[in-house]
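*Asks:* Structure for the following, please:
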Amino acid sequence: MKPLPDTFAALGDPTRLAIVDRLLDEGPLSAGALQDVAAISAPAISRHLKVLREAGILRREIDGQRRIYSVNPAQVRAIYDWTQSHEAFWRGAVDRLAAALGEETNDG
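*Replies:* Numbering: from 1, shown residues only. Coordinates of the predicted model:
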């Protein structure tokens, strides 16, 4: 498994996050099927896929001429475990946001 900072850095790019979202929604896809994720060239998509693979987020299988990409469940689980370990912080942040929005509404 790769370190979480590498994972979060890779997911920090909107195109890479869109690729992962697509794969989570639709399951394994070829590189060609991911071309419409962003208005960029095929080589640029390939570079994004490489970054995601090197960060441990994606797996690649070779099927003849096709490269099939899927999400690495272990790395996604590591993200989930990290967020759950900080649940108290997230809950407090959401509560503070709700309180601040309530104050704005009452003041406005």
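
*Asks:* Now whichever helix in the chain runs longest: buried residues?
*Replies:* Across the chain, the longest stretch assigned as helix under DSSP state H is helix 87-107. For helix 87-107, the neighbour count (16 or more other C-beta atoms under 10 Å) marks no residue as buried. Just so you know, the C-beta spots here come from the backbone N, C-alpha and C atoms, and that holds for glycine as well.

*Asks:* Show me what it is in contact with.
*Replies:* Contacts to helix 87-107, defined as C-beta atoms under 8 Å, 6 or more residues apart in numbering, come from residues T83.

*Asks:* for the record, mean pLDDT for it?
*Replies:* For helix 87-107, mean pLDDT is 78.

*Asks:* now it, how far from the centre of its chain.
*Replies:* 26 Å (C-alpha atoms, centre = their mean, to the nearest Å).

*Asks:* And stretch 62-80, by the same measure?
*Replies:* On the basis of C-alpha atoms, centre = their mean, stretch 62-80 is displaced by 12 Å from the centre of the chain it belongs to.
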